[in-house]
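>>> Here's my sequence, what's the structure:
(one chain, ligands or ions: 1)
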Amino acid sequence: MSNPASMNIIGCGRVGKTLAYLWHRHRIIHVQGISNCSIASAQTAADFIGGGTACPPDKLQPADFTMIATGDSAIAACATQLANAGILRPGDTVFHCSGALSSEILAGLKPCGARVASVHPIKSFAEPAFAAASFSGTFCGIEGDPEATARLTPLFENIGGSPLPLRSETKPLYHAGMSISANYLVTLLQWGLDALEQAGLPPVTGLKILEPMVRNTIDNIFTLGPAKALTGPIARRDVATVSCHIDALQRWQPEFAKLYRALGQETLKLAQRHDSALPAQEQSMKEILTD
Ligand SMILES: NC(=O)c1ccc[n+]([C@@H]2O[C@H](COP(=O)([O-])OP(=O)(O)OC[C@H]3O[C@@H](n4cnc5c(N)ncnc54)[C@H](OP(=O)(O)O)[C@@H]3O)[C@@H](O)[C@H]2O)c1
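Coordinates of the predicted model:
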């Protein structure tokens, strides 16, 4: 059996540790140098992975792959540092793991002969041991130089990842879509809980009573699709109820009434995808939501 390809890791935190642990354990990659802000943190990463050597960035040796898994704001500076280190060889692959940034941020490495890409695992890496155990089946948005994506695709597939080709120029919108779906869902639930609390239900009770309804809604979304999963007064074009919600929110916090209307307009468009109401009902609903 041939030796596994080598990899340096610059920025070995939650994502770096998880991926490197899996590649090392499955003997897919020989983890070489690990460079973090501090040597102590790089050593902790090497201990977790079970391989690799903690070293400062200027002591990294040439490797087939370099993964830059620092926070997004440090990627550009790390790429410049890597170019200046003079260790890249023609054909080496360098990639980062950001969801919002494209491989374009690594373009400065191309004159060294490196092929560049980004691979964004669509997963929440809260705790590396847990993330490694549950990595299988994770979609990984991938884009960049064709030679780089061709080399990276089997690396991720061999640890259970499912590469999803992306267009470089659409990465910010792709990542906004992820954030809206995952993060705004949390914000909306907190807003709902605050409204329940304002109505006299303490948060612990609010969470308890929302759980079955929200879980059921999520199931319906993934089984039926969002348009068919939509229920409630806007889907029914119940103008009186929507008007009563807006009045109550206006009395509580006027900006909440504004937000309810803005989201209501999008909700009405979604309802219209599934069914149509009488023109007069549709018009009244539109008016009350635009005000
Ligand atoms: N967390 C997620 O759920 C998730 C999911 C998908 C993609 N991503 C992406 O994955 C990347 C890494 O995220 P993360 O959550 O793993 O970050 P993280 O846990 O904060 O780890 C970042 C690591 O980078 C090191 N670092 C920071 N600046 C550095 C520099 N200038 N030189 C060398 N090392 C440096 C830090 O070192 P120290 O330990 O010494 O401070 C730390 O170990 C980001 O691009 C993020 O957008 C994250």
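
>>> ok, and what's touching the helix or strand where Leu193 lies?
Counting by DSSP states H and E, the element that carries Leu193 is helix 185-198. Residues lying outside helix 185-198 but in contact with it, judged by Cβ atoms under 8 Å, 6 or more residues apart in numbering, are Pro203, Thr205, Gly206, Leu207, Ile209, Leu210, Val214, Leu249, Trp252, Phe256, Leu259. Just so you know, the C-beta spots here come from the backbone N, C-alpha and C atoms, and that holds for glycine as well.

>>> Generate a PyMOL selection restricted to the buried entries among those.
To isolate the buried members of the contacts of helix 185-198 in PyMOL, using 16 or more other Cβ atoms under 10 Å:
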select buried, resi 206+210+249+256
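
>>> Nearest to Ile180 among the contacts of helix 185-198?
Using Cβ to Cβ, Leu259 is the member of the contacts of helix 185-198 that lies nearest Ile180, at 14.3 Å.

>>> What separation do you get for the closest one and Leu289?
According to Cβ to Cβ, to the nearest Å, Leu259 and Leu289 sit 12 Å apart.

>>> if we can go back for a sec, could you export the contacts of helix 185-198 as CSV, including distance to Gly52, secondary structure and pLDDT?
Rendered in CSV, the data for the contacts of helix 185-198 read as follows (distance: Cβ to Cβ, whole Å; DSSP: H, G, I helix; E, B strand; the rest coil; pLDDT from 0 to 100):
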residue, distance to Gly52, secondary structure, pLDDT
Pro203, 44, helix, 97
Thr205, 49, helix, 98
Gly206, 46, helix, 98
Leu207, 42, helix, 98
Ile209, 49, helix, 97
Leu210, 44, helix, 98
Val214, 42, helix, 98
Leu249, 54, helix, 98
Trp252, 54, helix, 98
Phe256, 50, helix, 98
Leu259, 48, helix, 98
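
>>> Out of the contacts of helix 185-198, which comes closest to Leu109?
Leu259 (43.5 Å).

>>> residue contacts, the closest one?
When contacts are taken as Cβ under 8 Å, 6+ apart, Leu259 is in contact with Trp191.

>>> Can you pull the phi/psi pair for Arg89?
Summarising the backbone geometry of Arg89 under the convention degrees, to the nearest 10, its torsions are phi -110, psi 150.

>>> Then the one 3 residues further on?
The phi and psi torsions at Asp92 (degrees, to the nearest 10) take the values phi -70, psi 150.

>>> who touches it in this structure?
When contacts are counted by Cβ under 8 Å, 6+ apart, Asp92 is found next to Pro62, Ala63, Asp64, Phe65, Thr66, Cys112, Gly113, Ala114, Arg115.

>>> Quick check: closest non-adjacent residue to the closest residue to the ligand within the chain.
Sorted by distance to the ligand under Cβ to the nearest ligand atom, the residues of the chain start with Gly13, at 1.8 Å. Nearest residue to Gly13 in three dimensions, chain neighbours excluded: Ala69, at 6.7 Å (Cβ to Cβ, 6 or more residues apart in numbering).

>>> Check Pro172 too.
Leaving out its chain neighbours, the residue that sits closest to Pro172 by Cβ to Cβ, 6+ apart is Ala100, at 5.6 Å.

>>> for the residue of the chain closest to the ligand, what are its contacts?
Asn36, Ala45, Ala69, Thr70, Gly71.

>>> Which positions in the helix holding Leu193 come out as buried?
Applying 16+ other Cβ under 10 Å to helix 185-198 flags Leu193, Ala195, Leu196 as buried.

>>> Kindly report the same for stretch 11-24.
Neighbour counts over stretch 11-24 (16+ other Cβ under 10 Å) mark 11-13, 15-24 as buried.

>>> Looking at those residues, which are in helices?
Of the positions in these, Val15, Gly16, Lys17, Thr18, Leu19, Ala20, Tyr21, Leu22, Trp23, His24 sit in helices, assigned by DSSP state H.

>>> Pro212: neighbour count?
The number of residues packed near Pro212 is 9, by other Cβ atoms under 10 Å.

>>> so what does the helix or strand where it lies touch, helix or strand wise?
According to DSSP H and E, Pro212 maps onto helix 203-224. The elements that helix 203-224 packs onto, with contact taken as 3 or more Cβ pairs under 8 Å, 6 or more residues apart in numbering; DSSP states H and E, are helix 185-198, helix 226-229.

>>> Look at Asn3 and give its secondary structure.
coil (DSSP: H, G, I helix; E, B strand; the rest coil).

>>> Now for it: which residues touch it?
Contacts of Asn3 (Cβ under 8 Å, 6+ apart): His30.
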